[in-house]
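**Student:** Mind looking at a prediction? Sequence and model below.
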Amino acid sequence: MNIEQSKHLANSARIIGMAQFAAYGYKAMNAHPVDQFWLLGSAVFYVAVEVIAFRLLERAS
């Protein structure tokens, strides 16, 4: 995989992570009471996807 492909894949992963957090994390945050399970799960998923994106870029460099 070349650097451009890695950048594209990393950006796609980041978009998926942000979209997932926007869809589930913010909804859980605005629930009354706050749905801590979905909020924490969404945050963990988002951080995991960011780490994967970072590793993709790191490996391609």
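**Tutor:** In hand now; what should we look at?
**Student:** which secondary element of the chain has the worst mean pLDDT?
**Tutor:** helix 26-30 (a mean of 90; mean pLDDT, DSSP states H and E).
**Student:** which other residues reach that helix?
**Tutor:** With contact meaning C-beta atoms under 8 Å, 6 or more residues apart in numbering, helix 26-30 is reached by 34-39, 42. C-betas here are computed from N, CA, C, even on glycine.
**Student:** Which single one of those is nearest to Ile52?
**Tutor:** Nearest to Ile52 among these: Ser42, at 15.7 Å, using C-beta to C-beta.
**Student:** Pull out the CA atoms of the least confident helix or strand of the chain and give them to me as PDB.
**Tutor:** The C-alpha coordinates for helix 26-30 follow below in PDB (Å, rounded to 0.1, in the frame of the first residue of the first chain):
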ATOM      1  CA  TYR A  26     -24.100  12.600  21.300                       C
ATOM      2  CA  LYS A  27     -27.500  10.900  21.400                       C
ATOM      3  CA  ALA A  28     -26.400   9.100  24.600                       C
ATOM      4  CA  MET A  29     -25.100  12.300  26.000                       C
ATOM      5  CA  ASN A  30     -28.400  14.100  25.500                       C
END
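**Student:** which element is the residue nearest to the spatial centre of the chain on?
**Tutor:** For the chain, Gly17 is the residue whose C-alpha lies nearest the centre (C-alpha atoms, centre = their mean; 2.3 Å). Per DSSP states H and E: Gly17 is located in helix 3-20.
**Student:** Who are the packing partners of that helix?
**Tutor:** Contacts defined by 3 or more C-beta pairs under 8 Å, 6 or more residues apart in numbering; DSSP states H and E place helix 3-20 against helix 36-60.
**Student:** just checking, what packs against the helix it packs on?
**Tutor:** helix 3-20, helix 26-30.
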